[in-house]
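1. sequence unknown, structure follows:
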C-alpha cells in the first residue's frame, strides 16, 4: 500500500501473518527509513498528550507520549503515562493534541520470562522478595536507572500480563516461526511478539508473560486521520 503525507510517502508491506514493514519515501522518491510493526487484536484507550522528537527521527518517524485508559471525558491523565513509536506518525500531523484515541499496540519482547499461571508468577516474585502484580506496567522508557526523567522519553516498558490468546506465526519473508500472544495487562491489551530465541517454548493461554518491551502503536479511532 502507498500512503501519501505532506512529508513524504509510506510503502506499507503487510502480509496476513501480522508482521508489517513501513518503508519511508522522500517527496523526491528516495528511500528515507523503515520501521517495523505488528498488526494484531490488541486495543487500548489513550489520551495522547504530545509528540516526541528524537535526534534520529526522519520526517516520517514519530513517537507519542500518552496516558493509558484515561478517565471518562478527560483529555489527559489515566492509569499511567508511556511513550510509543508510531510507524505512520506523519498521517496524524493534523491531529490536535491532547486527543482521546483507541490504539492497537504491539510489544516486541527484548527480555522475557514465562510463568505457567498467575499463581506461579506470584510465587516466583515472593521467592525473590518482590511483590508485583501479575498485571502490571512500568513505563521504564520515561526514567533513567537513577530515577531521573528521560528527555526525550523512550518507547520501552516493563510489562507483566496474562495470555488471553497465543499462536505460532510464520514470517512471510524468512519462513521462520515466531510467537504471538494477546496479553491482558494493567490499562489494556497488547500484542506481544516474541523471538523463539528469547522463549524456546511457545506461550499458552493462562500463562503470565513478564519482561522488557519495545512499543509500537497505531492510532485506530478517535483521531482526525484514523485508519482501519
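-> Thanks, I have it. These numbers were taken from a predicted model, which means no experiment stands behind them.
2. OK, contacts around the residue of the chain most remote from its centre?
-> Computed with Cα atoms, centre = their mean, the residue of the chain farthest from its C-alpha average is residue 28, at 30.7 Å. By Cβ atoms under 8 Å, 6 or more residues apart in numbering, residue 28 lies in contact with nothing. In short, each C-beta sits where N, CA and C put it, glycine included.
3. so how far is residue 10 from it?
-> Relative to residue 10, residue 28 is positioned 15 Å away (criterion: Cβ to Cβ, to the nearest Å).
4. what do you get for residue 170?
-> In terms of Cβ to Cβ, residue 170 sits 24 Å off from residue 10.
5. cool, residue 166 as well?
-> To residue 10, residue 166 is 30 Å away according to Cβ to Cβ.
6. Could you check which of those two has the larger neighbour count?
-> residue 10 (23 against 19; other Cβ atoms under 10 Å).
7. Name the nearest residue to the more buried one, sequence neighbours excluded.
-> Counting by Cβ to Cβ, 6 or more residues apart in numbering, residue 10 lies nearest to residue 3, which is 4.4 Å off, once chain neighbours are set aside.
8. after the strand or helix carrying the one you found, next one along is what?
-> Assessed by DSSP states H and E, residue 3 sits inside strand 2-5. The helix or strand immediately downstream of strand 2-5 is strand 8-13, counting by DSSP H and E.
9. for that following strand, packing partners?
-> Applying 3 or more Cβ pairs under 8 Å, 6 or more residues apart in numbering; DSSP states H and E, one finds that strand 8-13 makes contact with strand 2-5, strand 19-25.
10. Of those strands, which stretch is the most buried?
-> Among the helices and strands packed on strand 8-13, strand 19-25 has the highest mean neighbour count (mean count of other Cβ atoms under 10 Å), at a mean of 20.
11. How far off centre is it?
-> 16 Å (Cα atoms, centre = their mean, to the nearest Å).
12. pLDDT of whichever helix or strand comes after that strand, averaged?
-> Remark: after strand 19-25, the chain's next helix or strand is strand 31-38, criterion DSSP H and E. Mean per-residue pLDDT for strand 31-38: 96.
13. Adjacent strands (with direction) for strand 31-38?
-> Applying DSSP bridges, strand 31-38 is found paired with strand 19-25 (antiparallel).
14. List the buried residues of the longest strand seen in the chain.
-> For the chain, the strand that runs over the most residues, judged by DSSP state E, is strand 99-115. For strand 99-115, the neighbour count (16 or more other Cβ atoms under 10 Å) marks 99-101, 103-109, 112, 114-115 as buried.
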